[in-house]
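**Student:** Turn this into a model:
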Amino acid sequence: WLDDVAVVVDGGRAPSYREEDGKRVMAQTEISVRVALDRGEARAMLWTCDLSHEYVNINAHYRT
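**Tutor:** Next comes the predicted model:
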């Protein structure tokens, strides 16, 4: 899930997914990503930062 938009179900594209909904969510400055593994009741929270094309491009040009 990206916010309220189901993207993947059972390893494939969600039948209810519409590109317009995906674009709407991706245009936001903050996005909640939810992954349901159906393997119990555990929960975790992860915060991440800028993963824009520019950020990835800058960091793809060197090794640590």
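**Student:** tell me the centre residue of the chain?
**Tutor:** Central residue of the chain (Cα atoms, centre = their mean): Val33, 4.8 Å from the mean position.
**Student:** if I pick the closest residue to that residue other than its chain neighbours, what's in contact with it?
**Tutor:** Using Cβ to Cβ, 6 or more residues apart in numbering and skipping residues adjacent in sequence, the residue nearest Val33 is Leu2, 6.1 Å away. The C-beta positions use only the backbone N, C-alpha and C, and glycine is treated the same way. Going by Cβ atoms under 8 Å, 6 or more residues apart in numbering, Leu2 touches Gly22, Val25, Met26, Ile31, Ser32, Val33.
**Student:** can you give me the helices for the chain?
**Tutor:** Applying DSSP state H to the chain gives helices spanning 19-26, 53-59.
**Student:** List the buried residues of the last one.
**Tutor:** Read that as helix 53-59. Buried positions in helix 53-59, judged by neighbour count with 16 or more other Cβ atoms under 10 Å: none.
**Student:** Same question for the first one.
**Tutor:** Of the residues in helix 19-26, those buried under the neighbour-count criterion (16+ other Cβ under 10 Å) are Asp21, Val25.
**Student:** Mind listing residues that contact it?
**Tutor:** So helix 19-26 is contacted by Leu2, Asp3, Asp4, Val5, Val7, Ile31 (Cβ under 8 Å, 6+ apart).
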